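K.L.:
Based on what follows, work out the 3D shape:
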Amino acid sequence: MRDVFVDSLLADWALNKDYGLKLVADLAPEQMVKQPHPGMNHPAWILSHLHAYHPVAMELVSGRTPADPLDHKYGMKSSPVADTAAYLDKDALIEAFAQGHDDVTDAMKDAGESVLLSPMPVERWKQRFPKVGSILPYLMSRHEALHLGQLSAWRRAMGLGRV
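P.N.:
Just a heads-up that it's a prediction; the model follows:
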């Protein structure tokens with residue numbers, strides 16, 4: 001059963017990575033922080049936010065306790081800013097996003113069933129996600145897909161085509 005769970009999750013994870021990279025491939029560096037509507041999440045924030053959760057997933061599937069990303073610089077309490085200096089440059093951000101995906105993939109392949117069934121070590125998530133394995137579909141599928149959908153909507157608001 002572990003193999004079916006991990007293989008399915010990694011297939012979706014790979015689709016998210018590919019889609020995310022396609023969504024930003026044709027952008028000019030200065031577009032990464034543009035907000036066509038006030039408060040709209042822009043590509044630099046979205047990729048930074050998603051990448052902030054890659055080490056969390058890696059720590060969890062490696063049997064360690066990650067820091068709660070709640071107050072991370074690009075965590076859920078953060079907001080996008082129009083200053084390019086607040087983010088990695090486009091190429092570095094894309095590389096970090098892609099490498100984070102690869103690192104999580106490698107950690108998932110090494111994760112034993114006992115790690116996936118271990119109790120959630122992040123206090124804030126314990127009630128909703130009691131086991132490490134129970135949060136992974138959220139982090140690796142739903143959360144990423146939600147923000148990649150925002151990036152797709154951002155492209156349309158910017159007058160760019162779909163990918």
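K.L.:
name the element the residue nearest the centre of the chain belongs to?
P.N.:
Residue closest to the average C-alpha location in the chain (C-alpha atoms, centre = their mean): Leu50, at 2.7 Å. Using DSSP states H and E, Leu50 sits in helix 43-61.
K.L.:
who does the helix or strand following that helix touch, helix- and strand-wise?
P.N.:
Using DSSP H and E, the helix or strand that follows helix 43-61 in sequence is helix 90-110. Contacts defined by 3 or more C-beta pairs under 8 Å, 6 or more residues apart in numbering; DSSP states H and E place helix 90-110 against helix 2-25, helix 43-61. Where you see a C-beta, it was placed from the backbone N, CA and C, and this is true even at glycine.
K.L.:
Of these, flag the one that's most buried.
P.N.:
Among the helices and strands packed on helix 90-110, the stretch with the highest mean neighbour count (mean count of other C-beta atoms under 10 Å) is helix 43-61, at a mean of 22.
K.L.:
other SSEs contacting that one?
P.N.:
Counting by 3+ C-beta pairs under 8 Å, 6+ apart, helix 43-61 packs on helix 2-25, helix 90-110, helix 113-116, helix 132-137, helix 144-157.
K.L.:
Who are the contact partners of the nearest residue to His49 once chain neighbours are set aside?
P.N.:
Using C-beta to C-beta, 6 or more residues apart in numbering and skipping residues adjacent in sequence, the residue nearest His49 is Tyr74, 4.6 Å away. Neighbour list for Tyr74: 45, 48-49, 51-52 [criterion: C-beta atoms under 8 Å, 6 or more residues apart in numbering].
K.L.:
do that again at 6 Å, thanks
P.N.:
48-49, 52 (C-beta atoms under 6 Å, 6 or more residues apart in numbering).
K.L.:
the bottom helix or strand of the chain by mean pLDDT?
P.N.:
Least confident helix or strand of the chain, by mean pLDDT, DSSP states H and E, is helix 113-116 with a mean of 91.
K.L.:
Report the separation between Ile46 and Leu148.
P.N.:
To Leu148, Ile46 is 8 Å away according to C-beta to C-beta, to the nearest Å.
K.L.:
what residue ranges in this structure are flagged as low confidence?
P.N.:
1-2 (pLDDT under 70).
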